[in-house]
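> Next come a sequence and a model predicted from it.
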Amino acid sequence: EAGVTQFPSHSVIEKGQTVTLRCDPISGHDNLYWYRRVMGKEIKFLLHFVKESKQDESGMPNNRFLAERTGGTYSTLKVQPAELEDSGVYFCASSQDWKGGEQYFGPGTRLTVT
Amino acid sequence: AQSVTQLGSHVSVSEGALVLLRCNYSSSVPPYLFWYVQYPNQGLQLLLKYTSAATLVKGINGFEAEFKKSETSFHLTKPSAHMSDAAEYFCAVSGAPMDTGRRALTFGSGTRLQVQP
């Protein structure tokens, strides 16, 4: 069974540019989460999809961040325009059923904004 | 609201020594608790989880953790460290199923474990 995959693994962009991160969850997992770790800080929740619906987006930092999950499969996280403080590692996780709570994480996308 | 505190951002032990990584949590509802590990250049991998069953939880790679409600702690231990245990470890909490609020994980700041030969 393929795990959670994320693309790209690393992205370097200039301030003001746009970047789109992609996450492919484990097949059949309805729950998809985005998290972010800014350097030296803890991993923080951004948002949670159940299928194609946003269940909880309380962690989204501002309206420069837009997440979508069309068709309830893969998800994209767009940052537009990117700022220096957006640099960090963006993790995606998925789970089949919330009971038990186990989330399976992807390897992350390291975003560097210069 | 939930929060997690991991004492010690860096812990160094000798190979064969006891590993003890500390985690204290705060939760307004019965918590689900997790330990994740991140090896270099990899994603987070679940070590073990507590979901209101047995308070002593055994995980992969010889790790275990004990849920102590009175101390609001969920410390991670391993009797004998191996070089391959060198990684960053994260404690996390989420709400239990009856909590219809956020289901996301709240993480501690992580503890980097070094194992000396």
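Received it, and whenever you're ready, just let me know what you need.

> tally of neighbours for A:Q6?
21 (other Cβ atoms under 10 Å in any protein chain shown). Just so you know, the C-beta spots here come from the backbone N, C-alpha and C atoms, and that holds for glycine as well.

> Go ahead and measure how far stretch A:34-51 is from the middle of the chain.
7 Å (Cα atoms, centre = their mean, to the nearest Å).

> export it as CSV, just CAs?
Output of stretch A:34-51 as CSV, limited to C-alpha atoms (Å, rounded to 0.1, in the frame of the first residue of the first chain):
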residue,chain,number,x,y,z
TRP,A,34,-2.2,19.8,6.6
TYR,A,35,0.4,20.8,9.2
ARG,A,36,3.4,23.2,9.1
ARG,A,37,6.6,23.4,11.0
VAL,A,38,8.4,26.6,11.0
MET,A,39,12.1,26.3,11.8
GLY,A,40,12.7,25.8,15.5
LYS,A,41,9.0,25.7,16.4
GLU,A,42,6.5,23.0,16.9
ILE,A,43,4.4,21.3,14.2
LYS,A,44,1.1,23.2,13.9
PHE,A,45,-2.2,22.2,12.4
LEU,A,46,-3.5,24.1,9.4
LEU,A,47,-6.6,22.4,8.3
HIS,A,48,-8.6,19.2,8.1
PHE,A,49,-10.7,17.8,5.2
VAL,A,50,-13.2,15.1,5.4
LYS,A,51,-13.6,14.0,1.8
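
> is chain B contacted by that stretch?
Yes - residues of stretch A:34-51 contacting chain B under Cβ under 8 Å from any Cβ of the partner chain: A:Y35, A:K41, A:E42, A:I43, A:K44, A:F45, A:H48.
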